[in-house]
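A.B. asks: My questions are about this predicted structure, shown below with the sequence.
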Amino acid sequence: MLSATATTVFAMEVWPRERVLTLAPDRASVVAASALARTRTWLAVGTDSKALWGSCLGGRGQQYRTVVDLTSPPAYACSCPSRKVPCKHALALLLQWSDGSVPIGEPPPFATSWLDARASRKSQPEQPTTGRQLGELVDPAAAEKRAAARAERVARGLDELDQWLCDQIRGGIAGLNRAGYAHFDTIAARMVDAQAPGVAGMLRSIPAEFATVGWPSRVLEQLGSVHLLVQAHRQLDELPSALAATVRARVGYPVSKSDVLALPGVADHWFAVGMVDTAEYRLDTRRVWLYGAASGRWALLMSFAPPGGPLDDTVMAGHLLHARLHFYPGSGQFRALVGDQSTATAAPTMPPAESIAELRARFAQLVGLDPWATRMPAVIKAVPVRGTGTWRMRAAGGECCEVIDLAEEPWPLLARSGGEPIEVFGEWSHRGFRPLSLIGADATEPFTTAVVVQAA
Amino acid sequence: MSMWEDVVTTGLIGTDRRPTPSGLPASWGAELDQVVDPAHAVLTLAARHRAATRAGGFLASCPPCVVAPPEQAPVASRAAHEILARLLTPVEVDLLNLWLIAAVRYGQRASAGYWTPLAIVAARTTELDRRALAQAIGERGIWFVEQNPQWARLASALRLPAQPRDSAEPAVSDAEVTEEALRADPELIMQAATPWSDQLTWTVLEIIGSGRLQQHGIRYAARVGARLPLQHYELLRSAVQRITAQLDSVMPGGLRSAREALLALERTVWLHVEMRTAFTGEPIMVERLEIPQW
């Protein structure tokens, strides 16, 4: 079943429960808010379709005043001491609203004052743009000078890094697992100083390999991959422009949103086939994968937030949007920004399933375009099969791939399958397949191995 | 030792102590033999191997698994599953049992997406009605439970032939449970045949509303709510109105426990109302009762 952006309850548009639950900062909040939403400890609950408000009686006679601004992205205010965003009171209020049990009314003074303050902040004039066109630089000469200085700084940092890489190999990597994270954090921090955050991220991901069998091979490969990036950066001017853009992206050169939006876009009906939230080194990341009905193209929307902070929820799995997507420059890049949008009227088009051999061939092409690529979107039609310690997806012909990166065993996937092939969307990598959504004849639904599973 | 293993060994030990593999085939980059810095050569080989393993490699295969038996009963509605989702976060076993029994009564089954959480709950506690669960997930669902060795005991229980609910059937007929007997022993209502008479329902509501059951009242009220005929929802409304009008009649200190018990009762009965609508598609024709803050 499609998880819609909003449903209508008593002539009032509300968000479906699953959308509300995606806002929860953690599982404990879901449990606490679900219980709290059912209690009769709420007073003066109301909504004007733009905001929610209510007062919740706490355990020791306290009264917590909660307000939720429903405009995108949603914002929350609560007088409770919780540092979670949203707190359980805000989440419980949203759940009640989702269930259609929040009546329409006039906001009380505590809600009005906060909402008005937010509105006034929003209406503050932005920095004057002096009629500048999208992507146009304020002072091209100064910008060029800054870019040159940055490139110089990055080049110096990468030279140091290459020296460090060669030192590791000269001395041997046998003891690196004992050196652990700190060893890599030091050089990663140096890369941040050198304005090469992408390289820092690659370096920080290496110690995770130490926990697995056969780590020397994979760590050596990763060090080689970083070395390749350093070499590519040295020859940036000689590379084809698309590959050069990929190298710059992998190194971590910033690309402004206005520059991306100034590039030609791809107008299409884009369906958000699946999404995943991850926590990576002091940053929460959301990846939403879209498939274009007419273009047959994949796109990736990414959003970032500090740990526990709200991630962008304007496009979620199951959403359909008719929009022009502007892709970040570089070969083999999926990442895009949403440009002009209009109301989507067509039914979503599901991406076709590919055989495992086709996926491997496509991934090989991707590696040819972007040697540092780690994942791509994929739909496979296969049966989940439980092996000894691992799960595999087995296609009708018998070929299979490993199921990877799941926090729990994918029993819900087997339940849906019943031993017969099902179409599953996920992320494909050289290690295997990470299931994210199930694709039915006409719908997808979020896939999860958690205890709470979405409705049929 | 393969060429790559040779390279890894050099990387592990270090090029200061072990030479770079020589005589590399052209596909590995024979030109690297000419590279002056052996560490540089090892890193370049590692980058090439990384690309090669991502772009190529053998296609794995595995044997097929057994296919589940086909579905028999229709899947319950989305609305019914939304209720089920609510009862699973957090888990409320008593109310889950009501959902399972309702699904069986209406000849519908739980969607496969819910089999995992239901199996987890059922494996954790025997309080979940396994007979109702077996019927609510059907043969296909039982097959699914059987696939997980950690649920083996549960799977065996689900496969047991359905026993008649003798023990659960009322042992005392309606005629034998009088209002006086019920006032003396409130538990007798659990043995009375359903649907209860108006008088019995009114009596049991009086007992709950009096607050005399104190801390046991909530549990008792929830159990009463599981059996209360839906047409008696209006009696509950009348009982609440009467308590509101005669607050003095409630036992001292019992007002809070009475209210909590009535809330539990109302919530359970309302769940019944919602489930009937969700399973049958019939609209809710009754307005929900608000228990006031006395």
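C.D. replies: Sure thing, it's come through.

A.B. asks: what's around residue A:144, how many residues?
C.D. replies: For residue A:144, the neighbour count with other Cβ atoms under 10 Å in any protein chain shown is 11. Every C-beta, even on glycine, is put in place using the N, C-alpha and C of the backbone.

A.B. asks: Mind telling me what element it is part of?
C.D. replies: Per DSSP states H and E, residue A:144 falls inside helix A:140-171.

A.B. asks: low pLDDT regions in the chain?
C.D. replies: No chain was given, so I picked chain A. Along chain A, the model assigns pLDDT under 70 to residues A:1-13, A:40, A:59-61, A:72, A:124-138, A:441-456.

A.B. asks: wrong one, I was asking about chain B
C.D. replies: Scanning chain B for pLDDT under 70 picks out B:1, B:27-35, B:162-175, B:249-253.

A.B. asks: who's residue A:69 bridged to?
C.D. replies: Counting by DSSP bridges, residue A:69 is bridged to residue A:51, residue A:75.

A.B. asks: Touching the helix or strand just after the helix holding residue A:144 from outside, list them.
C.D. replies: Counting by DSSP H and E, the next helix or strand C-terminal to helix A:140-171 is helix A:176-193. The contact list for helix A:176-193 (Cβ atoms under 8 Å, 6 or more residues apart in numbering or on different chains) reads A:157, A:160-161, A:164, A:168, A:197, A:199-201, A:203-204, A:206-207, A:210, A:215, A:219.

A.B. asks: Now, of those residues, which are buried?
C.D. replies: By neighbour count, with 16 or more other Cβ atoms under 10 Å in any protein chain shown, the contacts of helix A:176-193 hold A:157, A:161, A:164, A:168, A:199-201, A:203-204, A:206-207, A:210, A:215, A:219 as buried.

A.B. asks: Using a markdown table, lay out these together with secondary structure.
C.D. replies: Converted to a markdown table, the buried ones among the contacts of helix A:176-193 look like this (DSSP: H, G, I helix; E, B strand; the rest coil):
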| residue | secondary structure |
| --- | --- |
| A:157 | helix |
| A:161 | helix |
| A:164 | helix |
| A:168 | helix |
| A:199 | helix |
| A:200 | helix |
| A:201 | helix |
| A:203 | helix |
| A:204 | helix |
| A:206 | helix |
| A:207 | helix |
| A:210 | helix |
| A:215 | helix |
| A:219 | helix |
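
A.B. asks: Intersect those residues with the contacts of chain B.
C.D. replies: residue A:168 (Cβ under 8 Å from any Cβ of the partner chain).

A.B. asks: and chain B, what are its domains?
C.D. replies: The record's domain parsing of chain B by automatic domain parsing lists B:3-55, B:78-167, B:170-280.

A.B. asks: okay, the ones you listed in JSON lines with mean neighbour count and distance to chain A next?
C.D. replies: Listed next are the domains of chain B as JSON lines, based on neighbours: other Cβ atoms under 10 Å in any protein chain shown; distance: least, Cβ to the nearest Cβ, whole Å:
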{"stretch": "domain B:3-55", "mean neighbour count": "18", "distance to chain A": "3"}
{"stretch": "domain B:78-167", "mean neighbour count": "19", "distance to chain A": "3"}
{"stretch": "domain B:170-280", "mean neighbour count": "17", "distance to chain A": "6"}
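
A.B. asks: Which neighbouring elements make contact with the helix holding residue A:144?
C.D. replies: helix A:176-193, helix A:197-205, helix A:215-234, helix B:38-55 (3 or more Cβ pairs under 8 Å, 6 or more residues apart in numbering or on different chains; DSSP states H and E).

A.B. asks: repeat that for 6 Å
C.D. replies: Using 3 or more Cβ pairs under 6 Å, 6 or more residues apart in numbering or on different chains; DSSP states H and E, the elements in contact with helix A:140-171 are helix A:215-234, helix B:38-55.

A.B. asks: Any idea which of the ones you listed gets closest to residue B:259?
C.D. replies: helix A:215-234 (61.2 Å; Cβ to Cβ).

A.B. asks: Tell me the first helix or strand C-terminal of the closest one.
C.D. replies: helix A:241-251.

A.B. asks: angle of that next one against helix A:140-171?
C.D. replies: 70 degrees (axes from the mean of the first three to the mean of the last three Cα atoms, to 10 degrees).

A.B. asks: Can you lay out the domains of chain B as a markdown table showing distance to residue A:303?
C.D. replies: Supplementary listing: the domains of chain B in a markdown table, determined by distance: least, Cβ to Cβ, whole Å:
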| stretch | distance to residue A:303 |
| --- | --- |
| domain B:3-55 | 27 |
| domain B:78-167 | 25 |
| domain B:170-280 | 35 |
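
A.B. asks: can you pull the contacts of the residue lying closest to residue B:106 once chain neighbours are set aside?
C.D. replies: In this structure, residue B:106 finds its nearest non-sequential neighbour in residue B:279, 4.1 Å apart by Cβ to Cβ, 6 or more residues apart in numbering or on different chains. Neighbour list for residue B:279: B:80, B:102, B:106 [criterion: Cβ atoms under 6 Å, 6 or more residues apart in numbering or on different chains].

A.B. asks: can you check residue A:301 too?
C.D. replies: Contacts of residue A:301 by Cβ under 6 Å, 6+ apart are A:288, A:315.

A.B. asks: how much distance is there from the host helix or strand of residue B:133 to the middle of the chain?
C.D. replies: In this structure, residue B:133 sits in helix B:130-146 according to DSSP H and E. The chain centre lies 13 Å from the centre of helix B:130-146; the measure is Cα atoms, centre = their mean, to the nearest Å.

A.B. asks: Can you classify residue A:53 as helix, strand or coil?
C.D. replies: At residue A:53 the chain is in strand, as set by three-state DSSP.

A.B. asks: Show me what from the stretch 251-400 of chain A comes close to chain B.
C.D. replies: Proximity of the stretch 251-400 of chain A to chain B (Cβ under 6 Å from any Cβ of the partner chain) is limited to residues A:364, A:367, A:371, A:385, A:392, A:394, A:398, A:399, A:400.
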